[in-house]
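Trainee: just a sequence and a predicted model for now, questions to come.
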Amino acid sequence: MRIVAGDLRGRPIRTPAGVDTRPTSDRAREGIFNILQHAPWSPGLEGKRVIDLFAGSGATGLEALSRGAAECLFVETAGAAMEAIRANIEAFRLGSRARVLRTDATRLPKASQAFDIAFLDPPYGKGLGEAALASLAPGVVAVLELGADEPAPAGHEVLDERRYGKARIWFLLIR
């Protein structure tokens, strides 16, 4: 895995050992960020605050930082994944632009400032994405990766939807 574009383009991303994480493919990440950069409903990335829930290796949040996001909060519970995220932050010299929080993504603490974009890549088929969406503030653009056969969570405005192999990406406006 690597950073697809931006200031860190081409840099390899450290991933946790084992099969407990399922990183978003380079192709899907490239598609997600092309949509976020060009869709008329998108807030864009430049200077935005983003949160990467169920972060795994942190690839999606790292991609956002590479493409101009001001800061990213990575939320993860697995120790090996947290180590990989921290190693990536250090290797890319992201300093205060990147923070890691070990907590359940479905029970986020109240943030001092709202996030502009939330990336969610929960385990497929467990309903964790819908629970995590409920912890986000209204007005956030959420990019939710689910299994290709999973429906969009109810109660949010669907802005766009794409399929990448076994994954379906939903772009939602949190209500």
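Mentor: It's in. Residues are numbered from 1 along each chain as shown.

Trainee: please report how far residue 169 lies from residue 128.
Mentor: Look at residue 169 and residue 128: by CB to CB, to the nearest Å, they are 16 Å apart. Just so you know, the C-beta spots here come from the backbone N, C-alpha and C atoms, and that holds for glycine as well.

Trainee: pick out whichever of those two has more residues nearby.
Mentor: Between residue 169 and residue 128, counted using other CB atoms under 10 Å, the more crowded position is residue 169 (22 against 18).

Trainee: now do the SS call for the more buried one.
Mentor: What DSSP: H, G, I helix; E, B strand; the rest coil gives for residue 169 is strand.

Trainee: what is the residue nearest the centre of the chain paired to in the beta sheet?
Mentor: Nearest to the mean C-alpha position of the chain, by CA atoms, centre = their mean, lies residue 119 at 2.7 Å. Counting by DSSP bridges, residue 119 forms beta bridges with residue 52, residue 143.

Trainee: any idea of the pLDDT on the nearest residue to residue 39 once chain neighbours are set aside?
Mentor: With CB to CB, 6 or more residues apart in numbering as the measure, residue 160 is the residue that lies nearest to residue 39, at 6.5 Å, once sequence neighbours are left out. pLDDT, residue 160: 96.

Trainee: just checking, the residue nearest to the centre of the chain touches residue 62?
Mentor: No: with contact defined as CB atoms under 8 Å, residue 119 does not reach residue 62; the gap is 10.6 Å.

Trainee: in the protein, where is pLDDT below threshold?
Mentor: 18-23, 111-113 (pLDDT under 70).

Trainee: which residues of it fall in strands?
Mentor: Counting by DSSP state E, the chain has strands at residues 49-53, 71-76, 98-102, 117-120, 141-147, 157-164, 167-173.

Trainee: could you export the ones you listed as JSON lines, including distance to residue 39?
Mentor: JSON lines is the format used below for these (distance: least, CB to CB, whole Å):
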{"stretch": "strand 49-53", "distance to residue 39": "16"}
{"stretch": "strand 71-76", "distance to residue 39": "20"}
{"stretch": "strand 98-102", "distance to residue 39": "25"}
{"stretch": "strand 117-120", "distance to residue 39": "12"}
{"stretch": "strand 141-147", "distance to residue 39": "9"}
{"stretch": "strand 157-164", "distance to residue 39": "6"}
{"stretch": "strand 167-173", "distance to residue 39": "8"}
